[in-house]
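In: what would the 3D arrangement of this be:
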Amino acid sequence: MNWFWFAIIALLCWSGSDFFSKIGCRDKDNYSQFKMVMAVGLVMGVHALIEIIGGVKISWQVILTYLPVSLLYIGSMALGYVGLRYIELSISSPICNASGALVAIMSLIMGSAEMDHPLQYVAVGLACVGVIALGVVEATEDNELRAARQQASNYKYSKSWLALALPIAYCLLDAAGTFADAIVLETLNEDSANVAYELTFFAAGVCCYVYTVLIKKQPLIAKVERPKYIGALFETAGQFAYIYALADSEHVAMSAPIISSYCVASVLWSRIFLKEKLSWKHYAAITVTVAGIIIMGVFDM
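Out: Take a look at the predicted model:
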């Protein structure tokens, strides 16, 4: 299986993680973001244990080498979970995933990626423009249309700088993590790096458990927490595929935009299941993004 299919699997799994994380974080619980980190940390910890039993080699040196990348990813995700409390998924996800566009541009400027055909540049441009366009359309949406969508979903949000600042911060941290990932994976085995990341996330989950449950005495109700753990399963599966897609450093400028465009699927899930309405501008941006993904895949198949 090559980088393209790993990127597609990551796209589908992370869109599922987006959807269930949104359900898990959109209630009025001020500690929902910590509980979400707990859920992801537990699932990733279990998967890391399975990988270690299966023969994946791990050491403190590997964990420490990968630690800066792990912290960038975990920090961006924690901010993303906070943001889901204040903004619609169909706005948050496209803004967050503009990070793929930043990574592609950084990789081309630094000369760490190669493209052999002019249409490959067009493909990257289409995917990046499509993702960014989704964010712009959502951020500049007419207030009446926004109100109509919120009425359909029966969930109200108000515009605020914090609501937009959080996904933007996610975008910047995630782009830095993705770019650093491609560099670090040139010296580390991708399986070991993935286990190192999962163990670090497990440690973050333990810290959140101590703070939320033991110190703040917050309850854990099974019905409320269930979507968080489903989202955590999708997140872990997506991370497993992602690490292999990014391991092919020559195609990072193409795999990163594909993976980041999982927001396209997230927007669709939010429309179907959360009743968030889309306009023709949304569909136009989705079409442009999908066209870029298809062209990228054709040139490597």
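In: pull the CA atoms of the helix or strand containing Phe34 into PDB?
Out: Assigned by DSSP states H and E, Phe34 falls within helix 32-53. Coordinates of the C-alpha atoms in helix 32-53 are reproduced here as PDB (Å, rounded to 0.1, in the frame of the first residue of the first chain):
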ATOM      1  CA  SER A  32     -15.100  18.300  28.000                       C
ATOM      2  CA  GLN A  33     -11.800  19.100  26.300                       C
ATOM      3  CA  PHE A  34      -9.900  17.400  29.200                       C
ATOM      4  CA  LYS A  35     -12.200  14.400  29.000                       C
ATOM      5  CA  MET A  36     -11.600  14.200  25.300                       C
ATOM      6  CA  VAL A  37      -7.900  14.200  25.800                       C
ATOM      7  CA  MET A  38      -8.400  11.400  28.400                       C
ATOM      8  CA  ALA A  39     -10.400   9.300  25.900                       C
ATOM      9  CA  VAL A  40      -7.800   9.700  23.100                       C
ATOM     10  CA  GLY A  41      -5.000   9.100  25.500                       C
ATOM     11  CA  LEU A  42      -6.500   5.900  26.800                       C
ATOM     12  CA  VAL A  43      -7.200   4.400  23.300                       C
ATOM     13  CA  MET A  44      -3.800   5.400  22.100                       C
ATOM     14  CA  GLY A  45      -2.200   3.900  25.200                       C
ATOM     15  CA  VAL A  46      -3.900   0.600  24.500                       C
ATOM     16  CA  HIS A  47      -2.900   0.600  20.900                       C
ATOM     17  CA  ALA A  48       0.700   1.400  21.900                       C
ATOM     18  CA  LEU A  49       0.700  -1.600  24.200                       C
ATOM     19  CA  ILE A  50      -0.600  -3.800  21.400                       C
ATOM     20  CA  GLU A  51       2.100  -2.500  19.100                       C
ATOM     21  CA  ILE A  52       4.900  -3.100  21.700                       C
ATOM     22  CA  ILE A  53       3.600  -6.700  22.300                       C
END
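In: now it: mean pLDDT?
Out: Averaged across helix 32-53, pLDDT comes to 96.
In: for it, name the packing helices and strands.
Out: helix 3-25, helix 60-83, helix 190-209, helix 222-247 (3 or more Cβ pairs under 8 Å, 6 or more residues apart in numbering; DSSP states H and E). Where you see a C-beta, it was placed from the backbone N, CA and C, and this is true even at glycine.
In: now distance to Ile258 and mean neighbour count too, for those helices, in CSV please.
Out: As requested, the helices and strands packed on helix 32-53 are exported to CSV (distance: least, Cβ to Cβ, whole Å; neighbours: other Cβ atoms under 10 Å):
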stretch, distance to Ile258, mean neighbour count
helix 3-25, 4, 23
helix 60-83, 18, 19
helix 190-209, 17, 22
helix 222-247, 8, 20
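In: circling back to that earlier point, report the distance from the helix holding Phe34 to the chain centre.
Out: With Cα atoms, centre = their mean, to the nearest Å as the basis, helix 32-53 stands 16 Å off its chain's centre.
In: okay, buried residues for it please.
Out: 32-45, 47-48, 51-52 (16 or more other Cβ atoms under 10 Å).
In: lowest average confidence, helix or strand, in the protein?
Out: One helix or strand of the chain scores below all others by mean pLDDT, DSSP states H and E: helix 143-153, with a mean of 68.
In: residues in contact with the helix or strand just after that helix?
Out: Downstream of helix 143-153, the next assigned helix or strand under DSSP H and E is helix 161-184. Helix 161-184 has contacts (Cβ atoms under 8 Å, 6 or more residues apart in numbering) with 65-66, 68-69, 72-73, 75-77, 79-80, 82-83, 86-87, 91-92, 95-100, 102-103, 106-107, 112, 139, 157, 193, 243, 246, 249, 252, 256.
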